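1. Sequence first, then the predicted structure, then my questions.
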Amino acid sequence: MAETITFFVDKLSNLAVQEASLFGGVEGQISMLRNELEWIGLFLEEASAAHTDDMRLKLWMNQIRDAAYDAEDVIDEFIVRLEHQRQRRLQNLKFLRVVLPTCVIFADKLPLIHELDGRMKEINVKIEKILANKSRYCVENAMMPSGAWSSSSPNEVVTWGEKRLPIVEEADVVGMKDEAEAVKEMLLINGELERGVVAIVGMGGLGKTTLAKKVYNDLDVNHHFQCRALVYVSQVYTIRELLMGIANNIMRETDHMRNMGENQLGNEVRKYLDKKRYLIVLDDVWSIQVWNGLCLYLPESKGSRVLITTRNQQIALDAYAKLYQLRPLGEKESWELFLKKNFPTGSRSTISQVECPAELEDVGKKITGKCKGLPLAIVVSGGLLSRKEKTPSSWEKILRSMEWHLSQGPESCMGILALSYRDLPYFLKSSFLYCGVFPEDCEIKASKLIRMWVAEGFVQARGEETVEEDVGEDYLEELIHRSMIQVVKRKWDGRVKSCRMHDLLRDLAISKAKDSKFFEVRGNIFAYPFNPRRLIAHDSQNISQHLSNCHRLRSLICSIHIPQVNFWSCLRSAKLLTVLDLTLTVDRVLKRPETELPKEIGACPIFRMPIRDQRCFSSHLGIDKMTNLQTLYVEQHGWVVRRGLPKLTQLRKLYIYGPNMRSDSSYELIFPSNLVELILDCCRLKHDPMLTLGKLPNLRALKLINLAYIGEEITCSSGAFSRLEFLRLNDLPYLKELIVEESALPSLKTLQIYRCCQMGKLLHQLQKLKSLQQVKLEDMNHSLIEEIKNTKGEEFDKIRLITSIHQQQGTHGIVIIGRHLQV
């Protein structure tokens, strides 16, 4: 809750400086509010760390939060109404604006300023009464002193570039060697004529997913099965989505597959798996209906296996599975995992190489004992301690806090997780809670998560030179270091590509968010009173009828089927909407090419306001009015290049899909200069776009994919792409040559070229890229591969060392990594 107050205080300070002329005679009331909230924020930081469930303190904190929310709404409504008034004046009196006296323009503001002054006085009076209640009802007595909690500032987060020691990843979890061997034996046993099912059963936090992934990635398992797939199931799923997950693992996804229904897709999967020895891992199964729906499409191939992880033993019995009951870690194994988390050495060290100071060993083992052998609890508590001083007194405080939490109820793991949440610095709490908006077991793209943090205002740049996205990346690494977020994939340079949240931690985030009214997660049933600031509605069928009541709505993250007109019209009342994310429905919309989002969305008030993160595939929709937009996915039309894009001056990421964009003499492509990432998909450009794109000063990542360009030659001119670090050319069947002129692409680190089958040479162009660290080639022309493999010279040896090549030949692949050949 302190983070909510702090963000609003920062907002008030910025407004006071940037928009002083707007507030007229109201600056006194705003200054009074800001000063009060600064003191309240400090008190709330202490209060949120207090070890108490005292109802007086909770009520008082909730009242303060609601008052701060009211103040934020009042000020934002004032700014929005003022902006609307300004736009109307410019439209209606455009021909007079050069001669209108300033006093007339200011007079237009007077009614709004008068109203703002009255409402701010009301809020300040309300806050004074709430503060008086703190003493009247002895709220301060409900707090207990605590010295174990973090008071870090945003600038104290360790930056990614500081090369901290690597933390323990899931793959490093100790004590699972015997378990992995036992499950492997159940999977690899010979002699069974039919498909077999194996189930790992155990409670949440016990490491079922970690064990399944360890077995799945085992070299013996990899060699034994001809194809493998791992999909996360969780409580919200459809059979079609699971089939698509399997298909993505075992075969190359195509547009045709994406348009298939369940039966057709299932038959394709069955046809591919038929007569093959396969392994399918279904992680986190909550219902036997998952198995009943999928088994129809999994052939009874000899020696094939399905591995299930579940908390419910009955599911395993109903699937006629061989059971493996996962046990908690023993005392020795728990201690080993604890040491690896708290004293990382930078390598996969043995336990004999990991040492704990003698003065910490006794209290450390007591802390480990409180975790009851649950790996998740051990790792999270270890993450908590890793950010503390390694002194007996500091660890004793954590131990006492754990004992207090565990005394409040039987859910020991949840108590430890809550303790680690409480220890987060205030500026990380919002970022952690926000991860709960994603569906259970969802693989979260790190770039998307960070962009949403920035759009929500959780991330603040550190000085003029720091990009907000870079700070957000540091926040993510900090949460990973504390084991509050799990890494799924990392990029070649070690940065996080995708992550996920353990379901227990997600439950914690949703619970804390609900208590603090941070966001609401809703299914098909909406409870009253219902007026959230952030609404998460996955697969909700009746959301439209409730949106009209959401006057305070700031963010809507919504997964629905094809949007209807009333969905957009119901958003008219959400005048303060800041983040609208419909990405979870994009594939469903695109499955029906004839379907577009309704044009009425262009008339919706929210699109005449600054919206910072919006994703849609449609026509114009009034997007050019959204001048603070940072992320845009659009099926482009002529307005994109001629009118719309140049107005979106804050745009950071742009994804354009569709063949309607031309690059010819009639007009030149125009993109916002702040663009950081650009993806052109299926645009069928006839003329080389690099002349224009190379001038973008902030572009760091560029992807031309799926017939984005249908010319034969791409030229990166001298001095072009000064900051570009990542370039992908994907499925450009007509491209014959990539030309790199001197001093072009000076910052390029990664080059990926996939299925550009007519490209016959490349090596001498790569030689010009001085910063290049990784080259990935897939399904390329044979002559190009021979050039890279056989051209003599020390300078070319260096290029070969950073080059990986994958050539698909029937069902077999050839991979060249550096000088090593793997078949």
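-> Arrived safely, thanks for sending.

2. in terms of contact, does residue 137 touch residue 54 like I think?
-> No. The pair residue 137 and residue 54 fails to qualify as a contact (C-beta atoms under 8 Å) at a distance of 10.5 Å. In this view, the C-beta of every residue, glycine as well, is placed from N, C-alpha and C.

3. which one of these two has more residues nearby?
-> More crowded of residue 137 and residue 54, by other C-beta atoms under 10 Å: residue 54, with 17 against 14.

4. Output the below-cut-off pLDDT ranges for the stretch 101-250 of the chain.
-> The stretch 101-250 of the chain contains residues with pLDDT under 70 at 101-109, 140-175, 190-193.

5. how about a cut-off of 50?
-> Scanning the stretch 101-250 of the chain for pLDDT under 50 picks out the ranges 101-104, 144-151, 158-172.

6. Spell out the residue ranges of the strands in it.
-> In the stretch 101-250 of the chain, the segments counted as strands under DSSP state E, counting those that start in this stretch are 196-201, 227-234.

7. Now tabulate those in JSON lines and tack on mean neighbour count.
-> Converted to JSON lines, these look like this (neighbours: other C-beta atoms under 10 Å):
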{"stretch": "strand 196-201", "mean neighbour count": "23"}
{"stretch": "strand 227-234", "mean neighbour count": "20"}
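
8. So for residue 677, which of those sits nearest?
-> Nearest of the strands of the stretch 101-250 of the chain to residue 677, taken as C-beta to C-beta: strand 227-234 at 26.4 Å.

9. helices and strands around that closest one, which ones?
-> In this structure, strand 227-234 packs against helix 208-216, helix 239-250, strand 278-285, with contacts taken as 3 or more C-beta pairs under 8 Å, 6 or more residues apart in numbering; DSSP states H and E.

10. Pick the most buried one from the ones you listed.
-> Of all the helices and strands packed on strand 227-234, strand 278-285 carries the top mean neighbour count, a mean of 24, counting by mean count of other C-beta atoms under 10 Å.

11. relative orientation of it and helix 239-250 in degrees?
-> Interaxial angle, strand 278-285 versus helix 239-250 (axes from the mean of the first three to the mean of the last three C-alpha atoms, to 10 degrees): 130 degrees.

12. closest one to residue 132 among the helices and strands packed on strand 227-234?
-> strand 278-285 (49.8 Å).

13. what's whichever helix or strand comes after that closest one in contact with?
-> Heading C-terminal from strand 278-285, the first helix or strand you meet, by DSSP states H and E, is helix 288-294. Here helix 288-294 makes contact (C-beta atoms under 8 Å, 6 or more residues apart in numbering) with 197, 233, 237, 239, 242-243, 282, 285, 308, 314-315, 318-319.

14. Same check on stretch 785-793?
-> 760, 761, 762, 763, 777, 796, 799, 800, 803, 805, 807, 816.

15. give me that answer again for 7 Å
-> By C-beta atoms under 7 Å, 6 or more residues apart in numbering, the residues outside stretch 785-793 that reach it are 761, 763, 800, 803, 805, 807.

16. Could you give the separation of it from the chain centroid?
-> 40 Å (C-alpha atoms, centre = their mean, to the nearest Å).
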